[in-house]
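Asks: Quick one: sequence and predicted model below, then my questions.
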Amino acid sequence: MAILKLYTYPEKILAQKCEKVDVVDDKIRLLLDDMLETMYEDKGVGLAAPQIGVSKRIIVVDDKTTEEGKGENPMYMVNPEIIEKSDEKILFNEGCLSVPGQCAEVERYQRIKVKYLDYNGKEQVIEAEDYLAVILQHEIDHLDGILYIDRISRLKKNIIIKKLKKQA
Ligand code: NI
């Protein structure tokens, strides 16, 4: 397994729509393993393939990642797709490994149903609410070239972009 390089805003690949995966083969599984290891290394709760420079519809998620970067509930999802959304929405303070050191409140659906292919290429459906639902919406957004800063006011987005430039 390997720790992969993280791509950060404003890398172009983060703004591109990713391609569907045809078959979950050993190559894809290796990518899933490396993505999970990279996510834990950075103490993240989710990571999408474009964040490591691969424009494919793949995410890894663990809503129980500890502060030491240990995982408890790893999920591998290929071609994830939201098939149901609740009417209720929630506000959640989100951050992103590709927007380092920043966060902002984002509005999301409180409950969703997601269809995806698992580590073995088998179709699965998961129902998620609250924190896990937020993570999944954030990661699936990445696959469509959308960052959480694209879902907040232009004013707040500009403030974050200015801070990022100062950091760099
Ligand atoms: Ni992110």
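Replies: Good, I have the coordinates.
Asks: residue nearest the centroid of the chain?
Replies: Compute the mean C-alpha point of the chain, and by Cα atoms, centre = their mean the closest residue is E139, 2.4 Å away.
Asks: hang on, isn't it packed against L47?
Replies: Yes. E139 is within contact range of L47, at 7.3 Å (criterion: Cβ atoms under 8 Å). Using the backbone N, CA and C atoms, a C-beta is placed for each residue, glycine as well.
Asks: which residues are common contacts for these two?
Replies: Common neighbours of E139 and L47 are listed as 59, 61 (criterion: Cβ atoms under 8 Å, 6 or more residues apart in numbering).
Asks: which helices and strands sit right next to the helix ranked longest in the chain?
Replies: With secondary structure taken from DSSP state H, the chain has its longest helix at helix 26-41. Here helix 26-41 touches strand 46-48, strand 58-61, strand 75-85, going by 3 or more Cβ pairs under 8 Å, 6 or more residues apart in numbering; DSSP states H and E.
Asks: As CSV, could you dump the C-alpha coordinates of the last one?
Replies: As requested, C-alpha coordinates have been extracted for strand 75-85 and formatted as CSV (Å, rounded to 0.1, in the frame of the first residue of the first chain):
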residue,chain,number,x,y,z
MET,A,75,-16.3,1.9,3.3
TYR,A,76,-15.2,1.6,-0.3
MET,A,77,-17.6,2.9,-2.9
VAL,A,78,-17.3,2.7,-6.7
ASN,A,79,-19.8,4.6,-8.9
PRO,A,80,-21.8,5.9,-5.9
GLU,A,81,-25.0,7.5,-6.8
ILE,A,82,-27.6,9.3,-4.6
ILE,A,83,-31.0,7.6,-5.4
GLU,A,84,-33.1,9.2,-2.6
LYS,A,85,-33.0,12.4,-0.7
